[in-house]
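> Give me a 3D structure for the following:
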Amino acid sequence: MHKPTFETYKYINGPMHQSLRHDSAHKHVAGSAEYIDDIPEPAGLLHGALGMSDRAHAEILSVDLSEVKAYPGVVCVLTASDVPGVNDVSSGGRHDEPLLAQDKVEFHGQPVFAVIAETRDAARRAARLAKIEYRDLPFWTDVDAALENEAPLVTPGMVLKRGEPEAELDKAEHRLKGSMRIGGQEHFYLESHIALAIPGEDDEVAVWSSTQHPSEIQHIVGHVLDIPSHAITVNVRRMGGGFGGKETQGNQFAALAALAAKKLNRAVKFRPDRDEDMALTGKRHDFRMDFDVAFNGDGRIHALAANFAARCGYSADLSGPVTDRALFHADSSYFYPHVKLTSQPLKTHTVSNTAFRGFGGPQGMLGGERIIEEIAYQLGKDPLEIRKANFYGDVGSGRNVTPYHQTIEDNVIARVVEELETSCDYQTRRRAIIEFNRTSPVIKKGIALTPVKFGISFTMTAFNQAGALVHVYQDGSIHLNHGGTEMGQGLYTKVAQVIAECFQVDVERVKITATTTAKVPNTSATAASSGTDLNGMAAYDAARQIKERLVAFAVEHFEVPPDEVEFLPNRVRVGSKEIPFPDFVRQAYFARVQLSAAGFYKTPKIHWDRAAGRGTPFYYFAYGAACSEVSIDTLTGEYLMERTDILHDVGKSLNPAIDIGQIEGGFVQGMGWLTTEELWWDGKGRLRTHAPSTYKIPLASDRPKIFNTRLAEWSENAEPTIGRSKAVGEPPLMLAISVLEALSMAVASVADYRHCPHLDAPATPERVLMAVERLKGM
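Reported below is the predicted structural model:
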């Protein structure tokens with residue numbers, strides 16, 4: 001530990017609200033950050049590979065694995081009959097997602113067996129040698145076909161209703177109906193799924209899993225092996241990206257690794273390659289939104305009815321809460337006096353879709369923005385004008401109640417939009433673009449400014465809890481552990497800053513340790529943008545307990561009143577004496593003061609009644625706005641991102657540098673979802689966009705040429721969150737809606753803005769070109 005200096009005593013390094021580099025940033029750059037596949041392999045390690053079906057929907061008539069078992073290096077082949085517990089890895093215990101298919105397969109690529117071999121290559125080669133006889137069954141892979149075939153729901157839908165929309169739709173000046181298709185998205189984390197299981201004595205097993213939800217891995221492994229949770233330890237130091245794709249999708253790999261490890265009493269690793277990972281794991285949900293909206297002459301919405309039908313895949317997974325959240329955010333930033341929103345989580349014969357950054361919220365919000373755009377073109381107005389006319393109002397305005405009956409008390413969207421509109425010179429630039437389009441025959445430009453209002457909390461109230469463990473050692477160093485997982489978003493760094501602030505020590509004194517179920521039990525997934533809110537407060541609670549004990553010790557030992565004990569930078573003032581923090585801690589230890597504490601936090605004020613469609617599902621809202629400018633080539637459909645300006649509300653930022661990184665990264669990921677990232681299944685139900693050769697995520701060169709990002713520095717969370725900060729993980733992704741809207745304006749210029757282009761997402765160059773050609777004929 002470094003020796004204190006005069007400068008050390010003036011301030012601490014790395015308190016809350018200070019920009020601090022990500023704790024592993026230098027390791028990421030140098031390649032020294034340890035991921036699961038970098039862990040030194042245990043002696044006798046075996047490797048697993050999956051035997052995948054080549055039918056979208058079929059009965060399994062027979063399975064011949066003789067050639068698989070005979071392949072050199074194969075040690076074992078696992079089938080459903082080898083599962084000692086429950087052959088199911090479904091989230092929420094619906095028992096609709098078998099670990100290994102037994103009698104029927106329901107998507108192309110569904111695992112039927114697993115091969116365990118001495119090498120990964122041998123396991124993968126052997127997995128292709130099975131002879132499986134099927135009887136094909138009817139299948140469908142998209143929303144339209146699911147609706148045509150009257151597909152069942154994978155989980156019950158939801159209805160949100162306020163007012164009398166059915167009666168009021170005929171009572172406004174204008175009414176229009178429309179629909180929009182909203183595409184899905186592959187997570188494309190840099191580190192694919194991976195699990196390493198090491199058997200222990202008796203029924204024990206240790207699992208290293210690239211997961212956002214260690215406790216769920218623990219539960220699933222327990223169910224599959226028929227052993228209690230206390231026998232299973234799940235560890236994760238970091239993931240190479242997650243984005244929601246590692247909330248439930250790691251269950252299968254971890255369970256198979258643990259099953260093989262216990263059966264063979266050897267360590268086992270599963271690591272699918274990119275093609276297999278993309279074929280085997282769920283995506284962002286595709287939606288088709290159908291709407292009927294009534295509005296008056298100034299564009300203010302009077303009544304709305306909308307249905308969101310989703311491609312959910314063959315099982316429920318998280319489709320219920322995902323489609324719920326789509327409805328929660330179908331209002332975007334707008335007040336609907338009379339509204340009815342419904343969801344249809346449809347079964348399709350595709351891999352089960354799952355969580356993805358925004359968790360249904362982006363699809364719902366995009367639907368809300370499309371409705372605004374349709375109204376604007378119908379009335380011949382700037383969409384921003386229509387947006388402003390429909391914004392939620394302040395408390396007492398009568399226009400601040402959501403479709404789910406939550407009163408919005410922290411609304412700052414009008415201020416955020418007005419500030420961005422001025423700072424990016426939106427009006428002047430829009431006029432210049434209209435003039436440019438009038439004289440440019442081939443290249444057309446577009447500009448759009450769109451808002452974001454995103455609710456923060458798990459809508460399942462029970463998940464809004466967290467635990468943390470803090471130890472203070474005799475030398476003044478601090479050990480921190482909590483239930484949140486690190487996937488590159490900077491959670492570990494932010495929570496370490498919380499502890500440094502609490503004890504007034506340099507952040508270097510705080511050791512961030514790997515998330516493990518052995519230290520903090522019953523954790524929630526690191527998801528719903530709640531990681532820092534929950535785990536930061538739990539860590540603060542643990543630090544508070546230790547500080548209270550230290551203050552009590554000082555009061556008794558030094559015979560001073562409590563207000564004479566003060567934690568200063570790297571030291572503690574006791575009366576007129578200042579004691580270096582390590583010395584003070586050492587004295588407390590010899591006085592037998594407990595220097596360890598388990599912290600806990602649960603989010604207050606939230607409740608939700610899904611059946612009634614009423615409650616307060618969100619603790620607060622995060623706000624933001626983005627203005628994007630694009631140019632398109634009307635001969636090819638190609639386009640360029642010219643400029644983006646972002647103003648985003650993160651409350652009182654815990655770490656501005658990390659928050660800005662999250663905002664910019666979220667925007668680019670959202671831009672990919674809405675432009676280049678297209679999922680495509682062929683007539684046999686095969687996902688054909690299963691590698692970087694066919695699935696196009698944005699490159700660094702695709703980012704806006706001019707990219708201005710600012711935090712709303714005046715903002716401070718009205719709720720007592722950690723440091724009065726706000727969540728930053730998911731909300732920025734929806735800032736990219738401005739890109740789709742800008743592309744829409746550029747396309748609309750072909751027909752002098754008389755018609756809404758009806759661009760579906762993703763707006764690939766092909767779709768842009770087709771829209772241009774369609775409008776040319778109008």
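> burial of Tyr11, as a residue count?
13 (other C-beta atoms under 10 Å). C-betas here are computed from N, CA, C, even on glycine.
> List the contacts of it.
Shown here is Tyr11, whose contacts under the criterion C-beta atoms under 8 Å, 6 or more residues apart in numbering are Pro569.
> give me that answer again for 10 Å
Under the criterion of C-beta atoms under 10 Å, 6 or more residues apart in numbering, the contact partners of Tyr11 comprise Gln18, Gln504, Asp506, Leu568, Pro569, Asn570.
> hang on, isn't the first one packed against Asp506?
No. Between Gln18 and Asp506 there is no contact, the gap being 11.5 Å when judged by C-beta atoms under 10 Å.
> if I look at these two, which residues touch both of them?
Overlap between the neighbourhoods of Gln18 and Asp506 consists of Tyr11, Ile12, Ala500, taking contacts as C-beta under 10 Å, 6+ apart.
> where does the nearest residue to Arg399 once chain neighbours are set aside land in three-state SS?
The spatially closest residue to Arg399, leaving aside those adjacent along the chain, is Gly393, at 3.6 Å (C-beta to C-beta, 6 or more residues apart in numbering). Three-state call for Gly393 (DSSP: H, G, I helix; E, B strand; the rest coil): coil.
> for Gly393, what are its contacts?
Applying C-beta under 10 Å, 6+ apart, we find Gly393 in contact with Phe335, Arg399, Asn400, Val401, Ile408, Asn411, Ala414.
> Next, the second one: phi, psi?
Arg399 has phi and psi values of phi -130, psi 40 when expressed as degrees, to the nearest 10.
> Report the separation between it and Ile413.
Noted for Arg399: a distance of 12 Å to Ile413, by C-beta to C-beta, to the nearest Å.
> out of those two, which sits in the busier spot?
Per other C-beta under 10 Å, whichever of Arg399 and Ile413 has more neighbours is Ile413, with 24 against 17.
> hmm, back to that, between the contacts of Tyr11, which is nearest Lys684?
For those, the closest approach to Lys684 (C-beta to C-beta) belongs to Gln18, at 55.0 Å.
> The closest one: neighbour count?
One way to gauge burial is a neighbour count; for Gln18, by other C-beta under 10 Å, it gives 18.
> next helix or strand past the helix ranked longest in the chain?
Longest among the helix segments of the chain by residue count, using DSSP state H, is helix 531-558. In the C-terminal direction, the helix or strand that comes right after helix 531-558 (DSSP states H and E) is strand 565-568.
> Let me see the ranges of the strands in the stretch 351-500 of the chain.
All strands of the stretch 351-500 of the chain, identified by DSSP state E, counting those that start in this stretch, fall at 443-456, 465-472, 478-482.
> Over to the stretch 151-300 of the chain?
Under the criterion DSSP E, counting those that start in this stretch, the stretch 151-300 of the chain carries strands at the ranges 159-162, 174-182, 195-199, 205-209, 232-236, 268-270, 286-295.
> Buried residues, the shortest one. List them.
Buried residues in strand 268-270, counted by 16 or more other C-beta atoms under 10 Å: Val268, Lys269, Phe270.
> ok, back up a step: what's the ChimeraX syntax to select whichever of the contacts of Tyr11 are buried?
The ChimeraX selection below is limited to those of those classed as buried (16+ other C-beta under 10 Å):
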select :18,504,506,569,570
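> Switch the contacts of Tyr11 over to JSON lines, and while doing so, append pLDDT to every line.
Shown next, in JSON lines, are the contacts of Tyr11 (pLDDT from 0 to 100):
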{"residue": "Gln18", "pLDDT": "96"}
{"residue": "Gln504", "pLDDT": "98"}
{"residue": "Asp506", "pLDDT": "97"}
{"residue": "Leu568", "pLDDT": "97"}
{"residue": "Pro569", "pLDDT": "97"}
{"residue": "Asn570", "pLDDT": "97"}
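> for the contacts of Tyr11, which one is nearest Lys605?
In terms of C-beta to C-beta, no member of those lies closer to Lys605 than Gln18, at 29.1 Å.
> how close does the closest one sit to Lys494?
If you measure Gln18 against Lys494 using C-beta to C-beta, the figure is 11 Å.
> for Cys424, same thing?
For Cys424, the distance to Lys494 equals 29 Å [C-beta to C-beta].
> same question, Ser725
Going from Ser725 to Lys494 by C-beta to C-beta gives 8 Å.
> Ser229 now?
Going from Ser229 to Lys494 by C-beta to C-beta gives 28 Å.
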